[in-house]
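Asker: here you go, sequence then predicted model.
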Amino acid sequence: MSLEYIETFLFSAVRIATPIMYVALCSTIALQGGLTNMAAESMMLISAVTGVIFSAISQNLLIGILAGMMSSVLITLFLCFAAFVMKVDLYLMSIALNTAMSGATIYIMYVTTGNKANTAGYFASLQMPNIQIPIIKDIPLIGNVLSGHNGFTYLAVIMIFVVWFIIFRTKLGLRIRAVGQNPQAAESVGINPSKIYTIAFVMASAIASLGGMFLSMGYQNMFIRDMTGGKGFIGMAASTIAGASPVGSALLAVVFGVAEAVTNYSKLYITDAQFLSAMPYIITTVLLFVLSYIRLKNSESEMRKRKAAALKAHENL
Amino acid sequence: MAKELLKMEGITKIYGNGFMANKNITFTVNEGEIHALIGENGAGKTTLMKILFGLESCQEGKIYLNGQETHIENPLDAIAKGVGMVHQHFMLVPNLSVAENVVLGIEPGPGQIFDKKTAVRMTEEASEKFQLKVDPNALVRDISVGLKQKVELLKALIRGAKVLILDEPTAVLTPQEVRELFVQLKSLKESGYGIIFISHKLDEVMELCDSATILRHGRVTGFVKKEEMNEVVLSRLIVGRDVVSTMEKDESSVGDTVLKVRGVTYVDDIGKKLVDDVSFGVRAGEIVGIAGVEGNGQNEISEIITGLLHMTKGTVSINGTETSGLSISQIRKLGLAHISEDRMTYGCAQEMSIYDNLSSIYLDHPKFTKGIFIDQKALDQYVKDCIKEFEIACDSEKSPIRMLSGGNIQKVIVAREFTSGANIIIANQPTRGIDVGTASLIHKLLQKYTREKGFAVLLISSDLNEVMNLSDRLLIMRDGRIAAQFTDMNKVNDELMGEYMLGIKKMTEEERGDLH
Amino acid sequence: MKKVQRVEALFELLRVVLGLLLAYIITLVIIILTSDVTPQEVVTNFVLGPFTTSRRFGQLMGKFIPYVLGGCGMCFIYGCGRFNLVGEGIVNFAPAVACIVLFNTPLFDHVPWIVGVVMLLVICCAVGGGLSLIPAVGREKLKISEMVTSIIMNYMLLYLSLWFLKIFFADRSQAFLCSPMYPENASFFQILKGTNLHAGIFVSIIGWIVACLMFDRMRIGVKIRICGSNGMFAKYSGLNTTKIVLIAQLIGGIYAGAAACVDAFGMYTRYQYSVLTNIGMDALVVAVIARKKPIFIPLAAFVLAYIRTSAVVLNLSTNIPIEFVNMMQAVLILFVAAQHFLKKSKEKAIYKISMEENKGKGATV
Amino acid sequence: GGSTEEAATTAATAGGTSTETSGETSGGEDSLEGKKLLFFAFQNIGDYGTNDLGYYAAQEIAEKYGIEMTLVEGGLDASTRTTTLLDAIETGGYDYVISSSWYIQDDLLANVDRFPDMKFILYDTAPTLDLTDYPNVFGVSFRQDEGSFITAVYQCLMSENHKIGAAANQDSPILNDFVTGWLAGVKYYNDNMAADGEEVAYNIAYYSDQTVQGAYETVNVLYNNGCDVVYNIGGSYCVGALNACSEHGGIENGQYLIGVDYDQYTTFANADNEVAGYENLVTSMEKRITQCCVLAFDGIVSGDMEMGNHRFGVTDGGTGLAYNENYYAHTPEDVQATITELEEKITSGEIVVPSYYDLPDYDTFAQFRDDPEYRL
Ligand SMILES: Nc1ncnc2c1ncn2[C@@H]1O[C@H](COP(=O)(O)OP(=O)(O)OP(=O)(O)O)[C@@H](O)[C@H]1O
Ligand SMILES: Nc1ncnc2c1ncn2[C@@H]1O[C@H](COP(=O)(O)OP(=O)(O)OP(=O)(O)O)[C@@H](O)[C@H]1O
Ligand SMILES: [Mg+2]
Ligand SMILES: [Mg+2]
């Protein structure tokens, strides 16, 4: 296997990991607030289509991205209204929203273009450019793997830090964590948990929207129906497995990226396309079980140790 | 005349289920005053305070702060207006540090950035100023209950509260901690704070408070100044009857020890020893009472016996069979029934019908099942009998149990447990928060089943009258151990029990005698 | 108290009916505003469409049949508070396994129709039950969100069933990837010729009756309801909550398997799923509309099948994409499942009653 | 739904003018006035693939004969697809129906006898389909194997790396017919045309999912693995393949892409909105659905063609490479000559291209695909 081959393989792993990373970070924020964000799929879908339409109409990438983000925030506000004001079960509403957005994006596409499959021939969407990183690009292996990616990919890396900072270094982050662990406690000091949930979800939706727009405005330059294809759920699984740690979630997203890249490259040797398609999901499921098992055993043994130590301390008294 | 800090006037609160928890309540708190709010469990004290703190809204009534009428929309509003509350159950975030908990909601730092160092400094300063020593960097989940209480106080004080609400702050404290708390509260009072103190312990109220408002069934039944306070007056206002009404007791014909607890120790998840090497037994035909301040291991004992909790060490045997390794249903089959202290969590499923609630423990019982089906006829008959025998007031056995009043819910639970075919009953707070009529019905039933059917009853209660009146033998728990046993109930009185419960006195093993 | 109970029941009903109406109206307005279709066209096609021809009505019934079974299954799963959505994947996967047996073994040779169909059902149900246990066990034993596992598994099952189709029973003479035609003894015949109303409806009816019996009359049903209503109480009553919750999800899986069976072998002449069918998700919606009570499932299933068929008819005559119904579904769930929808009015009504009752009491005390 | 009416009204005016292709049927045209044509897209139009190609045919027919055309889309919900079609047929009063055979064939054939006066054109049928019992159905199937055979040889001739690739949309029968012909082409080149040691290696990869992204990832892997001329057998997802090709430098960098189904280069070049990277499409293997459907319609109307399943191949122009400006610009003359020669050999029957449908079973095909030494 040549070096070049490995490089291109790793490069594509990073690319594939990008949207998963966004979703993982988005789910991380929600998980820190004590909730599972099941609606990442819809957040991505709506922003993907809105971003394309607005960037094509305005011929301005920034406006496109902002519009995409806004659309994602808007549907998230609807979700929050349903879940925290009208008290619909959050998961139920998220699932309903996912179905709704799959339909709504098709409907929007139909109303604006008359086409129900994709926007390719109708909107010339602007694309986030690929970026060469000055110094890094000249380092042998690393340069070819890490440089030359889409702008959204680097933005995702920045987002890891941003999310970490928000959660662990800001007032809002403290409140999110507090609400996540004990909403009553937060409420007793005047923090409105519903408000914090909403803010957390809105932030999450902004991040997820970048993932959605990476698909339609970075990776491709068009919107295609149901183009997220379950990435939202894989990202959610990543952050669940990583225990809501921003860095851990991002790393796991890369692991999933590698898994999918392996799947893609296996095509040259294994022609069982359908089986290969199932691979990333099989890997995720297995990881989910194995890592959860390890985590459970660890925390159990930790608890046993703590108990034993306490018992000993008492006996020594 | 001291300045009036707070006045609540004509407060009426009806919960979503149509239950009236507060009815036309009026009371005032002055500057530099500790005002007691007392009443039985369920009298509506917490509800009233939740209204004041903006956690619940009321249908009628006005609130005045410093003489001005105000509307308190939410806790933030309350805090801004100088009301602070220390809740009955701690409102702390376990995985955050003390400092983070203290400043939560008023975090220091420029803009949105959280400045942890300043937070720690603020906590240190406040802890200095109010003489509440805490370690700002410790994680809350690792500190003791007493310290947690201090963190709660700090939380309220650092926000500049002038009116402090303390909802049963002493329930979980050790006597030393209570002493310490009282010193701190008195010094706060000197500095002009107005404090609302909720407690079930009359001695504490009489020692600490300047005046008291008494509630019963959501209504004010009296207002007493410090000079007029004495136990008789207060308890009469609280329960609406004279406390000293000992029930007639038959001589018991006691049998074998059917419930044996031997060397039971329980250490909780964070390593705290909640039950410490407890051994005792209950014989057929006797009621053994366990008294103690809540949180001294009584609950854990009852949960260990019933199998809800797994002990760390020791053995429990029921009718001669050890329970370790058995499931709850297997333990029940050995002849154990259980009235849980937490009615709404363990005792019933609110959304389900009375019928389903009555049948919950019979779903594997041969008498009520036909293969995979339920024997509808047998069960219908059983439910009808229960409703009749236990005088459960309901329109239909198919209506959800949450529609019933607390007393009637308790009757359903008692009916189910008493008729389950068990001969040992763990009755944990069987009459908490229910009306006098139902309470005395339950008392009569307990006695009847013990005397006539030879049941063994373990009665755990924080209601001293109840344990004193019903028990044939009384144990007192303190710090997870049995601190005392009384076999002659005529020699027991409130004060004596109090001393043991509060740890002022402790019996030696000889004094305790045979625990069976 | 009786009055309070009546008010509660009334508001419960009102919530469902109003929710449906609102969702309906909102969607109609959106369609009329955003497309060039006239309100008249919308009403004739969308509102009345499903009842205009027997084929359309048959199409409605074709959707209704699996919805009933899937919805009953979700009553058990969702009823015990779990979000196990693997039903979606089961719909694709279980018939694929059944097809392997059908086409690769002699089991179905020369057996009468009833035996063949029962065998199909047994296989699908067994596969469905087994699959739904995977997320369930993950949740109860390892604390993995059953929702995350099940959703990931759905994609896995989709591709695995395509893989099975390809390697085990694809009809290589066809233009696209599909199985050979089902033999007559392994499919549900059409009851109304030329429509989708097929014999699977008998399975649905039986399944529904069994679900109702199980829910109300069988021990397991009561146990599941207790677990769903209050897990702590269930534990206290001596019920093995872990086992019961697992069984509930097993039942849900079995029902999903049955739904898969009637859909795959009733609606189509060959196995030809190539994407997820959405029946699993729709089953959840059906269960929500039915308020998790199997007795109301046929009604709820009919409502959803009606809405979905309306969309097809509208698409047929105006080319408006079918998928807009998905938007409607979200609004519907919002109102039907919202605890706060109409809560204020309900509280006011209850407040009034209890004030009156208290007044009455005051007089007698 | 504006598109349907538009087509109908423009068709009315253009009816009499388009005589150049159907001069011999001039008499019959007037009698088509007032007739109705249904085009049923088994999924959705706008997919740049089989749905669109059929739609173009329907539009062209409507225009040419001045008949009213209605579009109905089946969508992605399989459970409503066939009933939607039957519903449309029963309620619309059509005279002609054009549809792809995919997914709807069985149900349609089971019902066609109820509409003896209606004529059906089913395109992209399996060559094995026997329509003798269905006198009103015209099947259009293709020798995609022949076209792909030529494509493979062309790729071999063009490849600098001696390594070529094909990405197939799905591991399904029709696509495997493409693959069979393509493999035969590569092997034919290696056996008969390549100099010693100059044999061409090949890679085949199936998409993992039928999406633009799936095409992109798959084609990307082929280029990464050193294939410099790649045949993308997935017309709807060409944009993804183009993306991958452009990222590898495109034609300027010696990386070629070959499209499928229709002349994708010309179509994209003429599109209102530029499709990025289209200039890298050196040619396409055309499977002329549009033309053949129109041809079939002409034949039915004029009575020149018998009903039944017809198979269009290189001989009658049904399949073959698109000789467009880009092809001429980038293909050396000797290669062009070789390709023309090859076409003639197929037409004359000197070369017989194996079809997937002739293979005894899937395993034979799999062996042929996976083992470079295996010959049929
Ligand atoms: N959310 C609620 N909905 C309906 N009823 C409630 C609710 N919360 C409390 N209640 C009922 O209101 C009554 C008063 O409760 P409250 O908590 O105020 O009592 P309390 O005086 O604080 O009792 P304790 O001494 O046990 O703390 C009780 O009967 C309780 O069951
Ligand atoms: N935590 C709670 N949440 C919801 N409802 C509650 C709660 N606690 C109590 N209730 C309801 O409050 C109502 C009154 O409860 P409470 O125990 O005070 O009864 P009560 O008025 O004293 O009646 P009784 O005279 O039978 O004791 C009942 O309808 C009960 O179901
Ligand atoms: Mg209270
Ligand atoms: Mg009461």
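Answerer: Here it is on my side, so go on. Ligands and ions are numbered 1, 2, ... in the order given.

Asker: ok and the residue in chain D nearest chain B?
Answerer: Closest to chain B within chain D is D:Ser79: 34.4 Å, counting by CB to the nearest CB. Where C-beta positions appear, they are placed from N, C-alpha and C, glycine not excepted.

Asker: how about the residues of the stretch 301-450 of chain B near ligand 2?
Answerer: B:Met344, B:Arg402, B:Leu404, B:Ser405, B:Gly406, B:Gly407, B:Asn408, B:Ile409, B:Gly433, B:Ile434, B:Asp435, B:Thr438 (CB under 6 Å from any ligand atom).

Asker: list phi and psi for the closest residue to D:Ile289 other than its chain neighbours.
Answerer: Distances taken as CB to CB, 6 or more residues apart in numbering or on different chains put D:Leu53 closest to D:Ile289, at 3.9 Å, once the chain neighbours are dropped. The phi and psi values for D:Leu53, taken as degrees, to the nearest 10, are phi -60, psi -40.

Asker: spit out the contact partners of D:Leu53.
Answerer: By CB atoms under 8 Å, 6 or more residues apart in numbering or on different chains, the contact list for D:Leu53 reads D:Gly235, D:Asp261, D:Tyr262, D:Ile289, D:Thr290, D:Cys293.

Asker: measure the residue of chain D closest to chain B to C:Cys261 for me?
Answerer: 14 Å (CB to CB, to the nearest Å).

Asker: so for those two, which residue has more residues nearby?
Answerer: Set side by side, D:Ser79 and C:Cys261 show more neighbours around C:Cys261, with 29 against 21, by other CB atoms under 10 Å in any protein chain shown.

Asker: hang on, the more buried one packs against C:Cys124?
Answerer: Yes - if you go by CB atoms under 8 Å, C:Cys261 and C:Cys124 touch, sitting 3.8 Å apart.

Asker: any residues in contact with both of the two?
Answerer: What both C:Cys261 and C:Cys124 touch, as defined by CB under 8 Å, 6+ apart, is the set C:Ala94, C:Pro95, C:Ala98.

Asker: longest helix anywhere in chain C?
Answerer: Longest helix in chain C by number of residues, with DSSP state H as the criterion: helix C:2-34.

Asker: which strands or helices does it pack on?
Answerer: helix C:39-42, helix C:297-318, helix C:324-337, helix C:343-364 (3 or more CB pairs under 8 Å, 6 or more residues apart in numbering or on different chains; DSSP states H and E).

Asker: out of these, which comes closest to chain D?
Answerer: Here helix C:297-318 is closest among the helices and strands packed on helix C:2-34 (CB to the nearest CB), at 4.7 Å.

Asker: biggest separation within the contacts of D:Leu53, which pair?
Answerer: D:Gly235 and D:Cys293 (15.4 Å; CB to CB).

Asker: so how far is ligand 2 from D:Leu183?
Answerer: 72 Å (CB to the nearest ligand atom, to the nearest Å).

Asker: contacts only, for that residue.
Answerer: Counting by CB under 8 Å, 6+ apart, D:Leu183 touches D:Ala152, D:Tyr202, D:Ile204, D:Phe368, D:Arg369.

Asker: brilliant, that's me finished.
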